[in-house]
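# I would like to see how this sequence folds:
(2 chains)
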Amino acid sequence: AQSVTQPDARVTVSEGASLQLRCKYSYFGTPYLFWYVQYPRQGLQLLLKYYPGDPVVQGVNGFEAEFSKSNSSFHLRKASVHWSDWAVYFCAVFNTGNYKYVFGAGTRLKVIA
Amino acid sequence: NSKVIQTPRYLVKGQGQKAKMRCIPEKGHPVVFWYQQNKNNEFKFLINFQNQEVLQQIDMTEKRFSAECPSNSPCSLEIQSSEAGDSALYLCASSPNANSDYTFGSGTRLLVI
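So this is what the prediction gives:
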């Protein structure tokens, strides 16, 4: 069965520091992977997406993610975090068989001065 | 600002009352999804449409929800008799085709008291 695991429920980083949010997936076949961000009282906004190809994908606002088939991972990175990045981040895999997303539980990012 | 418009942003209903929310998909997107996001950030697929036809729906949706996507009108999701457990954020998403990435709206937050 498809699944997405985000092992860190909460992450706290200092403004200006680098960031990595972890995502592990389980999917039979070639996955379509996504990172979404959810700001307070908002819906989901797409940060970046992976379709089979270059394993490193660039997203909005300086985010990037790297797909690893061997590790079944799709970690999100940012070189320098800004206070406005304080939000909840969701990793998701899109099941092309039944056209549904499987979401991880989310990682709540807190940015401190 | 999302190109998928959901109304209302907030909805408060008593148990047993009907609760109706609407979604205007992004222009040119014939595929529409509804997801429920609970307070634990768990996402539950509810139903999806392609044009006006239902593609898939879960049992709960079939029994207690009424949903439609008429041509030239907003899509709608209505809970026939609200229960406390229906309190959640309801997210609508649209896509140009079933196999493509989706644009999410800002959601309708339902509170059933």
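# can you give me phi and psi for B:Gly105?
Main-chain torsions, B:Gly105, degrees, to the nearest 10: phi -80, psi -180.
# over to A:Val81?
According to degrees, to the nearest 10, A:Val81 has phi -80, psi 140.
# what residues sit buried inside the lowest-mean-pLDDT helix or strand in chain B?
Sorted by mean pLDDT, DSSP states H and E, the helices and strands of chain B end with helix B:59-64, the least confident at a mean of 82. Across helix B:59-64, burial judged by 16 or more other CB atoms under 10 Å in any protein chain shown covers B:Thr61. The C-beta positions use only the backbone N, C-alpha and C, and glycine is treated the same way.
# now do stretch B:40-58
Quick answer for stretch B:40-58 (16+ other CB under 10 Å): B:Asn41, B:Phe43, B:Phe45, B:Leu46, B:Ile47, B:Asn48, B:Phe49, B:Gln57.
# which residues does the third one bridge with?
By that I understand B:Phe45. B:Tyr35 (DSSP bridges).
# and chain B, which residues reach chain A?
Contacts of chain B with chain A, taken as CB under 8 Å from any CB of the partner chain, map to B:2, B:4, B:6, B:31, B:35, B:40-43, B:45, B:48, B:55-56, B:89, B:91, B:93, B:98-99, B:101-107, B:109.
# those residues in helices, which ones?
Per DSSP state H, helices hold no members of those.
# what strands flank the very next helix or strand once past the least confident helix or strand of chain B, and is each parallel or antiparallel?
Counting by DSSP states H and E, the next helix or strand C-terminal to helix B:59-64 is strand B:65-68. Each strand paired with strand B:65-68, and its direction, by DSSP bridges: strand B:75-79 (antiparallel).
# distance from the chain centre to the lowest-mean-pLDDT helix or strand in chain A, please.
In chain A, no helix or strand scores lower on mean pLDDT, DSSP H and E than strand A:100-103, which sits at a mean of 92. Offset of strand A:100-103 from its chain centre (CA atoms, centre = their mean, to the nearest Å): 13 Å.
# is it positioned near chain B?
Yes: Strand A:100-103 reaches chain B (CB under 8 Å from any CB) through A:Lys100, A:Tyr101, A:Phe103.
# remind me, longest strand of chain A?
strand A:87-95 (DSSP state E).
# what lies in contact with stretch A:41-54?
Outside stretch A:41-54, the residues that touch it by CB atoms under 8 Å, 6 or more residues apart in numbering or on different chains are A:30-39, A:57-61, A:63-65, A:67, A:74, A:76, A:89-90, B:2, B:4, B:6, B:89, B:91, B:93, B:101, B:103-107, B:109.
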